[in-house]
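# here's my sequence, what's the structure:
(2 chains)
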Amino acid sequence: MSSVARSRPAASAKSQRGAEESPLVKWTLITIALLFAGTFLVLPLANVFYQALSKGFGSYFRALVEPDTLASIRLTLLVAAISVPLNCFFGVVAAWAVAKFDFKGKALLLTLIDLPFSVSPVVAGLMFVVLFGLQGYLGEWLDAHDMKIIFNVPGIVLATLFITFPFVARELIPLMQAQGSDQEQAALTLGANGLQTFWYVTLPSVKWGLLYGVILCNARAMGEFGAVAVVSGRVSGLSETMPLRVEKLYNEYNAAAAFGVASLLALLALLTLGVKTWLEHRQSLEMERSQEVEEPSTVSHPL
Amino acid sequence: MSIELRNVTKRFGDVPAVSDVSFTVGEGELVALLGPSGGGKTTVLRMIAGLEVPTSGDLFIRGQRVNDVSVQQRNIGFVFQGYALFKTMSVFDNIAFGLKIKKWKKADIADRVGELLKLFGLDGLARRYPHQLSGGQRQRVAIARSLAPRPGVLLLDEPFGAVDAKIRQELREWLVQLHDDLDVTTVFVTHDQEEALEVSNRIVIFSRGRLEQIGTPREVYEQPKNEFVARFIGVMNVLELTVRDGHARVNELSFPAHGAAEGRTLRIGFRPYAVQVSSNLGEHRHRATLKHVYFLGVLLRLELETPSGLVIRARITKEEFSRLGLEEDREVSFQIREYRVLSREGDALPPESAVAHQMSYAEGI
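Numbers count the residues shown, from 1 in each chain, chains lettered A, B, ... in the order given. Now for the predicted structure:
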């Protein structure tokens, strides 16, 4: 986080050198940007770690290994382990369909993919309660067949799937659209079937974008609060994810433990950010390389 | 491997891209599909490859109907307009791709790729990636890749479109050489008539989805079937004439046309080289002013304007030009040695073709 805040003014200072802005304007802008980032981003984040460790490392670790907290960590990992691969699969399929084919309902599909971005997570959670809850449309049938979805792990997974639905697809669609389907067609003329084409040609050319989408999807899957809060029932040790655990601990005036769990989530965020920056760096390197136009050399050996 | 199209039509939705096209490509031929963009030539190429399916009609490769044969099984090599190299793979892996898919043994793949690298002058570039290659090198990798699995047919979509003018010429000669060496039936798409004339054994000319003419470069140049072909292949003077008193006339020019219906209009075309020009006003029948001289190297193009304002283009050699002592803005005399009666684009020859026959024997007009 702090590294990003630092690199911004450096970049703007460089770009303004040519525009001959007065030093006063330059330094005022830089100061405002730094202060803003410091106050609203760095300070609160640092405080999370400070609070978490305020009672020493010993109590920090004790807070984390408390059974209900451990259960929440396990549940969060489980939910991410299920929803991320599923959304990864869906995202690739959807991006492939949108980028490579023309079909009726393409615009609708694109709008639907964006839906989770525009719907409040609480509403998303409620939709599943209305559908699967005891008073919901499928509630009686589910109850009769002894299937519990709401206030249980399946409900949490469903809500998380819904919320993280767009991440991979949104990342891949513009990438695949920009690349067109020439390389895939070339693979077909060389005898490759659809699956081989996907595996050897399409996937390698979008791998960084896909990884980027997966990272973002994972961060959101682990951090989602609103939708999960509605469907989970928040039974400690059973249907409580890490974000829910943080809130519960905090409400129970157990600030140190709450910040302890929060620090784990914050670490995840920092890690995500780091990987994301690295991936962006990789991608821009690759873009630069593919845009390099070398002087066409003459044909020195025409046969 | 011979290719045959029988009454092939392709529609995209309601838009016909190719209408009722029939032609054959003989074993080992080098054929150009020529036409302006949007003419349907690329669609024809893609149908031969199996990348598009004909809406109706039949497609045969070596006598076998392939309408329902998938692109993977047609045993064709396809070179895409932008080359479509696999950018995440090295030159070696690009060329080896088709062989890996066909489950060749590793040692055989290495042999075959090595052979192609050598043949295509790509030695030492095996480990480079497409972005590290020049335009000409990319093109050669694309062709090597398509030829690696030994296809029966090589299809190229605008093979010279993406390289600059300087190496275009070299690549043309190289393609002809390659075709001679490999003896593989080759079909390529181009919008450049010069390229088609120079490179191919035969040319198939398309316009707006229809086949206008098929023939050797010489045939389509010397005997264009209609005005579209005449204008598209090289430069052609076109005049619209009306028949009066046994002569087809336009302004001060007239041509004997015995037996043609009175009042009938027809169009004739003649190549610039068929126009004879002299500074001696008594030598030829028609008068004109020499408006412009364009230097094209060995040849010069002259633009003549008759007193009534008809513009006639002529072509003579530099030697002839200085021998005749021609100058811009001076009066000259000219005659048209040979010409053809043209039908409109896509039309069959008009019923007056008998007249045309007569007329083409008329000399010294």
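
# hey, let's count contacts and neighbours off CA atoms from now on
OK.

# which segments of the chain make up each domain?
No chain was given, so I picked chain A. Taking automatic domain parsing as the domain assignment, the record places the domains of chain A at A:25-54, A:55-283.

# that's the wrong chain, I meant chain B
Domain assignment of chain B by automatic domain parsing yields the ranges B:3-224, B:235-361.

# hey, least reliable of those domains by pLDDT?
Among the domains of chain B, domain B:235-361 has the lowest mean pLDDT, at a mean of 78.

# who's in contact with the residue positioned nearest the centre of chain A?
Central residue check for chain A by C-alpha atoms, centre = their mean: the C-alpha nearest the mean position is that of residue A:216, 1.9 Å away. Neighbour list for residue A:216: A:167, A:272 [criterion: C-alpha atoms under 8 Å, 6 or more residues apart in numbering or on different chains].

# ok, back up a step: just the domains of chain B: most buried one?
With neighbours defined as mean count of other C-alpha atoms under 10 Å in any protein chain shown, the domains of chain B peak in mean count at domain B:3-224, which reaches a mean of 20.

# quick one: low-confidence parts of chain A?
In the predicted model of chain A, residues A:1-20, A:287-303 satisfy pLDDT under 70.

# 50 instead, please
Where chain A drops to pLDDT under 50, the residues are A:1-16, A:293-303.

# in it, spot the helix with the most residues.
helix A:255-291 (DSSP state H).

# could I get the buried residue list for that one?
By neighbour count with 16 or more other C-alpha atoms under 10 Å in any protein chain shown, helix A:255-291 contains the buried residues A:255-266, A:268-269, A:272-273, A:275-276, A:279, A:283.

# could I get the domains of chain B as a markdown table with distance to residue A:139?
Formatted as a markdown table, the entries for those read as follows, by distance: least, C-alpha to C-alpha, whole Å:
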| stretch | distance to residue A:139 |
| --- | --- |
| domain B:3-224 | 46 |
| domain B:235-361 | 70 |
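
# for residue B:169, see how far away residue B:116 is.
When distances are taken as C-alpha to C-alpha, to the nearest Å, residue B:116 and residue B:169 turn out to be 22 Å apart.

# hang on, the earlier thing: and the domains of chain A as CSV, adding distance to residue B:27?
Formatted as CSV, the domains of chain A follow (distance: least, C-alpha to C-alpha, whole Å):
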stretch, distance to residue B:27
domain A:25-54, 72
domain A:55-283, 20
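
# sec struct for residue B:266, please.
Residue B:266 falls in the strand class when you classify it by DSSP: H, G, I helix; E, B strand; the rest coil.

# circling back: for chain A, find the nearest of the domains of chain B.
In terms of C-alpha to the nearest C-alpha, the element of the domains of chain B nearest to chain A is domain B:3-224, at 4.1 Å.

# the closest one: how far from the chain's middle?
15 Å (C-alpha atoms, centre = their mean, to the nearest Å).

# residue 183 - nearest residue in space that isn't next to it in sequence?
Just so you know, I chose chain A. In space, and not counting its chain neighbours, residue A:183 is closest to residue B:84: 4.9 Å by C-alpha to C-alpha, 6 or more residues apart in numbering or on different chains.

# let's do chain B instead
If the residues on either side of it in the chain are set aside, residue B:183 comes closest to residue B:28, at 5.4 Å by C-alpha to C-alpha, 6+ apart.

# before we move on, what about residue B:6?
What sits nearest to residue B:6 in space, not counting adjacent residues and going by C-alpha to C-alpha, 6+ apart, is residue B:22, at 4.5 Å.

# where does the one you found sit: helix, strand or coil?
Remark: residue B:22 carries the secondary structure label strand [criterion: three-state DSSP].

# any idea how far residue B:7 is from it?
Using C-alpha to C-alpha, which is the criterion applied here, residue B:22 is 5 Å from residue B:7.

# what's in contact with stretch B:281-293?
For stretch B:281-293, with C-alpha under 8 Å, 6+ apart as the criterion, the contacting residues are B:253, B:277-278, B:300-307, B:327-335, B:365.
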